[in-house]
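K.L.:
3D model of this:
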Amino acid sequence: MSTRHAAVDTAALGEVTLVASDDSIVGLYFRHHWYRPTDDALGARVEWADDQLLTEAAHQISEYLDGSRTDFDLPTMIDGDAFQERVWDLVRQIPRGETVTYGELAVRLGDRTLAQEVGQAIGRNPLCVIVPCHRVVGSDGRLTGYAGGLRRKRFLLELEAPSPAIAGRLF
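P.N.:
Below is the predicted model:
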C-alpha cells in the first residue's frame with residue numbers, strides 16, 4: 001500500500017493535509033485537527049503537484065471553496081468500525097445547503113439515544129469536507145463540535161447555504 005500526503009494551502013480553510021493510499025483519497029485534515037493521525041500514519045510527504053490523485057483532490061477542494069464545484073468526484077476509501085461507517089454513509093446523504101442534527105441521524109440509525117455516539121463518529125470522520133460532517137448541528141440548530149474548528153464549520157455552511165437560509169440560522 002502506497003500511503004502519502006501533501007499539504008495544500010487554501011485561503012478559506014488554511015492549510016489542509018490530503019492523504020492518499022494507492023488510488024484513493026483516505027484523509028483530509030486541518031492543522032490542529034482533533035483526531036489527526038500521526039505523521040508516520042500519513043505516509044511519505046510529497047508535493048501535491050507531483051501526484052496525479054493529490055493534484056486532482058487539491059483542484060477539487062479549491063473549486064469547492066470558490067463555489068464553482070458543489071460536490072466531489074474523487075475515489076475515496078474510508079476506514080472505520082461498522083457504526084462509524086453507517087454514520088458516515090448518512091452524512092454523505094445530507095444535501096448541500098441543508099443541515100441535520102446529531103439526534104436526527106441517531107433516529108435514522110434506529111435509536112435516538114445514540115446521538116452522542118453519532119457525534120463521536122462524526123468527530124472521527126477522516127474525510128472532512130468531502131464527507132460533509134460540517135452539515136451536522138446541535139439539537140437547537142447551533143454549531144457544535146467540529147474537528148477542524150467552529151470557524152471552519154461556519155464558513156462551510158455559509159458557503160453552501162442559499163442566501164435566505166443564512167439569515168435564518170441561529171449561529
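K.L.:
Centroid-nearest residue for this structure?
P.N.:
Nearest residue to the geometric centre of the chain (C-alpha atoms, centre = their mean): Cys128, 1.6 Å.
K.L.:
I'd say that one and Trp34 touch.
P.N.:
No: the pair Cys128 / Trp34 is not scored as a contact, 10.0 Å apart, by C-beta atoms under 8 Å. C-betas here are computed from N, CA, C, even on glycine.
K.L.:
okay, and the common contacts of the two?
P.N.:
Shared contacts of Cys128 and Trp34 (C-beta atoms under 8 Å, 6 or more residues apart in numbering): Ala147.
K.L.:
and the helix or strand where Val118 lies, what's its mean pLDDT?
P.N.:
Assigned by DSSP states H and E, Val118 belongs to helix 115-123. For helix 115-123, mean pLDDT is 95.
K.L.:
Show me what it is packed against.
P.N.:
If you count contacts as 3 or more C-beta pairs under 8 Å, 6 or more residues apart in numbering; DSSP states H and E, helix 115-123 packs onto helix 82-92, helix 102-108, strand 136-137.
K.L.:
domain assignment for this structure?
P.N.:
Following automatic domain parsing, one finds the domains of the chain at 3-65, 82-168.
K.L.:
measure the first one end to end?
P.N.:
By C-alpha to C-alpha, to the nearest Å, the extent of domain 3-65 from end to end equals 25 Å.
K.L.:
any idea whether Arg4 is helix, strand or coil?
P.N.:
Three-state call for Arg4 (DSSP: H, G, I helix; E, B strand; the rest coil): strand.
K.L.:
oh, I was asking about Asp9
P.N.:
Criterion first, three-state DSSP; result for Asp9: strand.
K.L.:
What's opposite it in the beta bridge?
P.N.:
Asp9 has the following beta-bridge partners by DSSP bridges: Glu15.
K.L.:
Just the pLDDT at it, thanks.
P.N.:
On the pLDDT scale, Asp9 is placed at 95.
K.L.:
Ok, His134 next?
P.N.:
95.
K.L.:
That one belongs to a helix?
P.N.:
Yes: checked against three-state DSSP, His134 lies within a helix.
K.L.:
Report the contact partners of it.
P.N.:
Residues near His134 by C-beta under 8 Å, 6+ apart: 128, 146, 152-153, 156-157.
K.L.:
how near is it to Gln52?
P.N.:
27 Å (C-beta to C-beta, to the nearest Å).
K.L.:
Could you do Met77 as well?
P.N.:
From Met77 to Gln52 the distance is 17 Å (C-beta to C-beta).
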